[in-house]
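J.: Following is a predicted model, sequence given first.
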Amino acid sequence: MQSSKLGHIIKKIGVFGLIFVLVPLLLFSLVSGTEGGDNGIYDFIKNSPNAIPWVILIALLFLSKSRSKLAGVLITLIGIGVVYFFNFSGPNFWWITFIVTCLIPVFGLLILLSSYLNMP
């Protein structure tokens with residue numbers, strides 16, 4: 001009983017932590033390419049492919065409601081890819097980007113851990 005309650009708390013930390021990381025990243029990815037454009041909604045549509053990774057991760061959050069193991073594994077793997085892509089694939093490295101992107105696989109691991117703690 002105690003591990004089930006702990007698993008529930010850990011899952012909530014992982015889910016809400018990802019929400020607080022992914023929603024600002026989604027909004028930033030939609031808005032960042034629209035400055036200086038005078039086309040209104042067309043600029044958002046033109047910039048929408050930048051939001052695809054964040055939309056996928058948010059969709060996996062909904063999957064974590066019913067299939068925590070699968071969602072936890074996929075979020076962790078995609079998060080590791082995000083850490084590599086945004087920090088080590090180019091010439092630039094910023095600590096804040098590294099910290100924010102490292103939170104994604106950490107929260108994914110928390111969701112995965114909660115599924116093991118909630119096992120009957």
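T.: Yep, it's here. Numbers count the residues shown, from 1 in each chain.
J.: Now do the SS call for the residue of the chain most remote from its centre.
T.: The outermost residue of the chain, judged against the average C-alpha position, is Asp38 (30.5 Å), by C-alpha atoms, centre = their mean. Secondary structure, DSSP: H, G, I helix; E, B strand; the rest coil: Asp38 is coil.
J.: pLDDT wise, what is it at?
T.: You'll see Asp38 listed with a pLDDT of 71.
J.: Glu35 now?
T.: 69.
J.: where does this structure have low pLDDT?
T.: 1-3, 35-37, 119-120 (pLDDT under 70).
J.: quick one: the helices in it?
T.: 2-31, 41-47, 52-63, 68-87, 95-117 (DSSP state H).
J.: Reformat those as TSV; add mean neighbour count.
T.: Using the backbone N, CA and C atoms, a C-beta is placed for each residue, glycine as well. Shown next, in TSV, are these (neighbours: other C-beta atoms under 10 Å):
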stretch	mean neighbour count
helix 2-31	16
helix 41-47	13
helix 52-63	16
helix 68-87	18
helix 95-117	18
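J.: still on that earlier bit, tell me the contacts of the residue farthest from the centre of the chain?
T.: Going by C-beta atoms under 8 Å, 6 or more residues apart in numbering, Asp38 touches no other residue.
J.: how near is it to Leu117?
T.: Relative to Leu117, Asp38 is positioned 52 Å away (C-beta to C-beta, to the nearest Å).
J.: go on, Phe98?
T.: For Phe98 relative to Leu117 (C-beta to C-beta), the value is 29 Å.
J.: Next: Lys11.
T.: Counting by C-beta to C-beta, the gap from Lys11 to Leu117 is 8 Å.
J.: swap in Phe62?
T.: 21 Å.
J.: Then Leu30?
T.: With C-beta to C-beta as the criterion, Leu30 and Leu117 are 36 Å apart.
J.: Val100 now?
T.: Taking C-beta to C-beta, one finds Val100 at 26 Å from Leu117.
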